[in-house]
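Peer 1: Have a look; sequence and predicted model below, questions after that.
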Amino acid sequence: MASFGDLNRVNTNVSALDAQLSLNKVNRDLAESQMRLSTGLNINRAEDNVAGYSIATRLKGRIAGLEQALQNVGDAKSVLDIAEASYDTIMDNIIEMKTLATQAANDTMGTTERRYISDQIEALANDINEIASQTVFQGNNLLDGSSMTFQVGERATDLLTADLLAVDVTHLFGTEVAGPPVTYADATLGDTTNGVDPDAAGALLVGDAIRVDVSANGGQGELIFEGDSANPDAVPNGADFRSFLASVDTAIERMSDRVNYVGIQQSSLSVREETLSESISSNEAAKSRIIDTDFAKEQSKVIRMQILQQTATAALTQANMGPQAVLSFMGG
């Protein structure tokens, strides 16, 4: 700041320099405030607030991960919805099988009628395999026993694994096994307690009359209605169909377990969806407090700076006129 004696010197106008320094500072602060108002950001460069800029950048990265994870959860729910829709259709087929088997078990049915019913049940079983093969999402078969891992968070450990058991004739009517479709070689040969025929390429369900050939259709299996060894062309009788009803009930129970599992996974994804939405909101709020402009506060600063700019300009004008007073010493 200029001292009293500085006013008597002409070569160096210290008062004008002080006024100019003050005006430059006001102009710089005013420009920064106007930038904050124009961008909506309180921190536009790292130099504005080094710590705040670093924290806000990390929060932005976390929010981006959370938002993508939320999208992943939506995709995962779509996958399970597709699987559930196929489960429902397959369950309808099995229930139709039960209706037909119950009808054929009645001794009011003749051989011809039972043959028609057998053909219809075989067709329903083939439809189950077709549904399982055609239930696909992004090129991934959902009902072949594959395991799917969903990234449901922004950290590497935020995972949810869905183990969808295979759904086909082999897994529903044959010996229950986990994983993809099996071949007959995978069955326990000679284990008649599990319904496996050691002499035929298939797991027997009912004596020699109704069986599932687990080696057919690439391991998906095939229901076969045939006669016994003495009369291969014979049609299964009422007792055979009554025994087959137990296998249908087992298939219904296995499908119910699968539907229940999908429902649990869907519920878990819904909880993750809600949690992610809340996390995104919380992190956005934290980032906003650090990096976003408080417009009311900043506008008040702009008004103050504009007033200071005018007063600093007036002071600089007066300081530039100060040396003229020295002329009075010379009688001018």
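Peer 2: Alright, I've got the coordinates.
Peer 1: Quick check: what element follows the helix or strand of the chain with the lowest mean pLDDT along the chain?
Peer 2: Here the helix or strand of the chain ranked lowest by mean pLDDT, DSSP states H and E is strand 203-206, holding a mean of 60. Per DSSP states H and E, the first helix or strand lying C-terminal to strand 203-206 is strand 210-212.
Peer 1: Tell me which other helices or strands the following helix or strand past that next one touches.
Peer 2: The C-terminal neighbour of strand 210-212 among helices and strands, as given by DSSP H and E, is strand 223-225. Applying 3 or more Cβ pairs under 8 Å, 6 or more residues apart in numbering; DSSP states H and E, we find strand 223-225 packed against helix 111-134, strand 210-212. Every C-beta, even on glycine, is put in place using the N, C-alpha and C of the backbone.
Peer 1: So for the spatially closest residue to Leu308 that is not a sequence neighbour, what's the pLDDT?
Peer 2: Distances taken as Cβ to Cβ, 6 or more residues apart in numbering put Val26 closest to Leu308, at 4.7 Å, once the chain neighbours are dropped. If you check Val26, the pLDDT there is 83.
Peer 1: Name the helix or strand for Val26, please.
Peer 2: helix 14-39.
Peer 1: Now that helix: buried residues?
Peer 2: 14-16, 18-20, 22-23, 26, 29-30, 32-33, 36 (16 or more other Cβ atoms under 10 Å).
Peer 1: starting at the chain centroid, how far to it?
Peer 2: Taking Cα atoms, centre = their mean, to the nearest Å, one finds the center of helix 14-39 at 50 Å from the center of the full chain.
Peer 1: got it, and stretch 256-268?
Peer 2: That offset, for stretch 256-268, works out to 17 Å (Cα atoms, centre = their mean).
Peer 1: For that stretch, give the mean pLDDT please.
Peer 2: Here stretch 256-268 scores 93 as its mean pLDDT.
Peer 1: cool, and stretch 221-233?
Peer 2: The model assigns stretch 221-233 a mean pLDDT of 68.
Peer 1: now swap in stretch 63-82 and tell me
Peer 2: 94.
Peer 1: Any regions of the stretch 51-200 of the chain where pLDDT drops low?
Peer 2: Within the stretch 51-200 of the chain, the segments meeting pLDDT under 70 span 175-200.
Peer 1: in it, which spans are helices?
Peer 2: 111-134, 169-173 (DSSP state H, counting those that start in this stretch).
Peer 1: quick one, which of the ones you listed is packed in tightest?
Peer 2: Of those, the one with the most neighbours on average (mean count of other Cβ atoms under 10 Å) is helix 169-173, at a mean of 29.
Peer 1: same for whatever helix or strand Ala314 lives in, what does it pack against?
Peer 2: Following DSSP H and E, one finds Ala314 within helix 295-321. Contacts defined by 3+ Cβ pairs under 8 Å, 6+ apart place helix 295-321 against helix 14-39.
Peer 1: Show me what the helix it packs on is packed up against.
Peer 2: helix 295-321.
Peer 1: ok, Val26 - contacts?
Peer 2: 305, 308-309, 312 (Cβ atoms under 8 Å, 6 or more residues apart in numbering).
Peer 1: farthest-separated two in the residues you listed?
Peer 2: Using Cβ to Cβ, these reach their maximum pairwise distance at Met305 and Ala312, which is 9.9 Å.
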